[in-house]
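Trainee: missing the sequence, but the structure's below:
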């Protein structure tokens, strides 16, 4: 597959001087004439094409984002005023639980997998993902997993109400039979994630274009390679702990039941050994997206490429030795508290390297502020706020005050909404013209950005203050002194939620039509994906490109 005849080398080259890329000038535009997709629903059901599967992941994640966002708006409507207003406390807890599960496993992770499916083969010069049939399966089991999870809401007694972290004994002794559906759904999600991760690793290791050495890989490919190894390492841990929950509830075991010799705190250790690397699974691909966008709109090469690669690997390693910073209030020994405090502070160092490199890339660059760049800059600033509040949470004695308050909610939403979700939106705006061949409505997209930017800060920033003042999370009622702040937060929540309808409109209009774009959509963009036509042909790189030394 990787061989090119000398005639092809001589007569079929077009060179990208900046990157040293040589593309074989086979006619990708006509490849789809004889290898085109099937028609109708069968195209999507049976497809093994990485672009189709990437599109399905992205559409699925958008639907889940809207479903999870609707649940968040139920939560904020209840909290708009003190007292019990709209829903009973048990349903409120179902909303907080399923909102978290859907956003983590249904919105953020599938969106990143969709971007990986679309872009990794294009970025490394591969014709497709390495295991295309498994790729199809890894997507199609996901809708069934979330149908099971959402279906549990309609059971007698309602859906899961024990928090997305499903702490025992809430998920064992004190839950109803929705636990069985929840566990089954999580197992299916985990299987999908592991298959997707295997596919990414095999594709990147085995199918890079000739001459694309490890240190020539785009940062997005690097971050996804490291993320895929994280997924394979931690998803079996999640599978193990949900199985232990299942057997405790239905088969008489006592893993987390103190009366039977178990320990409920052991659940937290096992869960967070999965849960903390999971947080980085949801942010490392974001680093890759931003590391693609900022150089493009700064008209400069990424500052400190090698240090970015090593920083990403360092974050992945350190993410395995910080899990118990979620557990400072469980009564762990002082030595343990000190160890996890220092390791948590240490993980901010490679993260700081990344922020420094992004800023240094923009420094004295020829910046333009297209929509992807706006989201990328917002990501850098707001993700950094989330990072600083994370450093505050790392300080053990202070954490006793912050623990289980809205300060924690503010922290992880700055990381996951203005971090992960803003980066996904940046990536979609950056690559959408390449996918569709059409430029999106720039005015509407800028409205989406500015409304999102303002409303997301109105939504989450005041949470820091009510959290520091002691307002507990996951509670549908609260003391009167928090009323004004909660009204402001809820207004911000509704504004942010409704703003995302603009995003849906922009994407829909772009798919339907718009101004046609060239192969290289953005002036400063570099990489193999900008060498193929827009829209990207159904089959690309049937003859592999070569990367010059």
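Mentor: Everything's here; your move. Nothing here was measured: the structure is a model prediction, and the numbers come from that model. Residues are numbered from 1 along each chain as shown.
Trainee: Flag the shaky bits of the chain, pLDDT-wise.
Mentor: The model of the chain has pLDDT under 70 over residues 1-35, 549.
Trainee: and if we set it to 50?
Mentor: 1-19, 23-34 (pLDDT under 50).
Trainee: which residues of it fall in strands?
Mentor: 13-16, 21-24, 546-547 (DSSP state E).
Trainee: in its sheet, what does the shortest one sit against?
Mentor: So that's strand 546-547. strand 21-24 (antiparallel) (DSSP bridges).
Trainee: residue boundaries of the helices in the stretch 1-150 of the chain?
Mentor: 6-11, 31-35, 41-46, 50-79, 89-101, 109-124, 132-151 (DSSP state H, counting those that start in this stretch).
Trainee: Highest mean neighbour count out of these?
Mentor: Highest mean neighbour count of those: helix 109-124, a mean of 27 (counted as mean count of other Cβ atoms under 10 Å). For the C-beta atoms, the positions are set from N, CA and C on the backbone; glycine is no exception.
Trainee: in stretch 330-350, what's buried?
Mentor: Neighbour-count burial for stretch 330-350, counted by 16 or more other Cβ atoms under 10 Å, picks out 332, 337, 339-341, 343-344, 347-348, 350.
Trainee: For that stretch, give me every contacting residue.
Mentor: With contact meaning Cβ atoms under 8 Å, 6 or more residues apart in numbering, stretch 330-350 is reached by 265, 268, 310-312, 314-315, 318-319, 321-325, 328, 387, 390-391, 393-396.
Trainee: which ones are touching the closest residue in space to residue 417 that isn't next to it in sequence?
Mentor: Excluding its sequence neighbours, the residue lying closest to residue 417 (Cβ to Cβ, 6 or more residues apart in numbering) is residue 456, at 6.1 Å. Residues near residue 456 by Cβ under 8 Å, 6+ apart: 382, 417-418, 492, 496.
Trainee: nearest to residue 243, of these?
Mentor: residue 417 (30.9 Å; Cβ to Cβ).
Trainee: Quick check: the gap between the closest one and residue 411.
Mentor: 11 Å (Cβ to Cβ, to the nearest Å).
Trainee: And residue 484, by the same measure?
Mentor: On the measure of Cβ to Cβ, residue 484 and residue 411 end up 22 Å apart.
Trainee: between the two, which one's more packed in?
Mentor: residue 411 (24 against 11; other Cβ atoms under 10 Å).
Trainee: I figured the more buried one hits residue 387, correct?
Mentor: No: using Cβ atoms under 8 Å, residue 411 is not in contact with residue 387, being 9.1 Å away.
Trainee: What is the neighbour count of the nearest residue to residue 249 once chain neighbours are set aside?
Mentor: Distances taken as Cβ to Cβ, 6+ apart put residue 172 closest to residue 249, at 4.8 Å, once the chain neighbours are dropped. Residues near residue 172, counting by other Cβ under 10 Å, number 26.
Trainee: Enumerate every residue touching residue 172.
Mentor: 179, 245, 248-249, 256-257.
Trainee: most neighbours, which of the residues you listed?
Mentor: In terms of neighbour count, residue 245 stands highest of the contacts of residue 172 at 28 neighbours, by other Cβ under 10 Å.
Trainee: Verify the stated contact: it with residue 171.
Mentor: Yes: the criterion here is Cβ under 8 Å, and residue 245 meets it with residue 171 at 5.2 Å.
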